[in-house]
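Student: Quick one, structure for this:
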Amino acid sequence: MNLDHVFVCDDPALDFAATLRARRSARFEMFASPDRLDAWYVESGLVDAVSPARPADVERAKALREAVYALVTARRLGEEYAAGALAVLNAAARERPAAPQLTPEGRRTVATSGEALSVVARRAVELLGGPDVHLLKECGNPECTRVYVDRSRGTRRQWCGMASCGNRFKAAAYRARKAEGARAGA
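Tutor: Got it, this is the predicted structure:
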């Protein structure tokens, strides 16, 4: 599997919610096919292997993703949770989760798509009901809609990740300062 999913949000549930990129503009869907969903589960580290997903599994994953995003956004903005989003999250969390097993090689978690989805839902429940909920922030890039857990010193982090958003904005700010300095010196 290709390692091309991005994990910068400091929580798997938030990274899962971020698989619909650029929600305000181009909207890029990371779960375009069942194999992309399978890849995400493995690349996230939540499971070591997953049985092949079907199109219906992708639709369930997208529904959970949107519920998680809605709940995280509501919590971040101090709004009430939408009943429908809560129902989707809680239904997925109630499903049987993937169970790690001890093998001669060490710990290994093999799951069905539904079991892996339940792990994601449970992580979202833990995040939204846990001590880090006040650390949720949205990326400072106006085109990015990732929400991350800001555990930085002084909680002053502005970007979901430096490689994905921060470097771009820092470079643009640097160029703007250089151009302003050149205009001021002329």
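Student: drop to CA atoms for contacts and neighbour counts, all remaining ones
Tutor: Will do.
Student: pretty sure residue 27 is touching residue 18, no?
Tutor: No - with contacts counted by C-alpha atoms under 8 Å, residue 27 stays clear of residue 18, the gap being 10.7 Å.
Student: Settle it for me: which of those two has more neighbours?
Tutor: Taking neighbours as other C-alpha atoms under 10 Å, residue 27 and residue 18 compare with residue 18 leading, 27 against 12.
Student: In this structure that one contacts residue 144, no?
Tutor: No - at 9.2 Å, residue 18 does not count as touching residue 144 under the criterion of C-alpha under 8 Å.
Student: Kindly state the beta-bridge partners for residue 136.
Tutor: Note on residue 136: beta-bridge partners by DSSP bridges are residue 149.
Student: Spit out the contact partners of it.
Tutor: Neighbour list for residue 136: 72, 76, 147-150 [criterion: C-alpha atoms under 8 Å, 6 or more residues apart in numbering].
Student: where does it land on pLDDT?
Tutor: On the pLDDT scale, residue 136 is placed at 95.
Student: give me every residue that touches the residue nearest the centre of the chain.
Tutor: For the chain, the residue nearest the mean C-alpha position is residue 15 (1.5 Å; C-alpha atoms, centre = their mean). Contact analysis of residue 15 by C-alpha under 8 Å, 6+ apart lists 6-9, 146.
Student: at 6 Å what do you get?
Tutor: Residue 15 makes contact with 7, 9 under the criterion C-alpha atoms under 6 Å, 6 or more residues apart in numbering.
Student: again with residue 19
Tutor: residue 30.
Student: Tell me the spacing between it and residue 79.
Tutor: Distance, residue 19 to residue 79, using C-alpha to C-alpha, to the nearest Å: 23 Å.
Student: With residue 59 instead?
Tutor: According to C-alpha to C-alpha, residue 59 stands 26 Å off from residue 79.
Student: Pick out whichever of those two has more residues nearby.
Tutor: Between residue 59 and residue 79, counting by other C-alpha under 10 Å, residue 59 is the more crowded of the two (14 against 11).
Student: I'd assumed the more buried one was in a helix, is it?
Tutor: Yes - counting by DSSP: H, G, I helix; E, B strand; the rest coil, residue 59 is part of a helix.
Student: how much space is there between it and residue 89?
Tutor: Residue 59 is 14 Å from residue 89, by C-alpha to C-alpha.
Student: Alright, that wraps it up for me.
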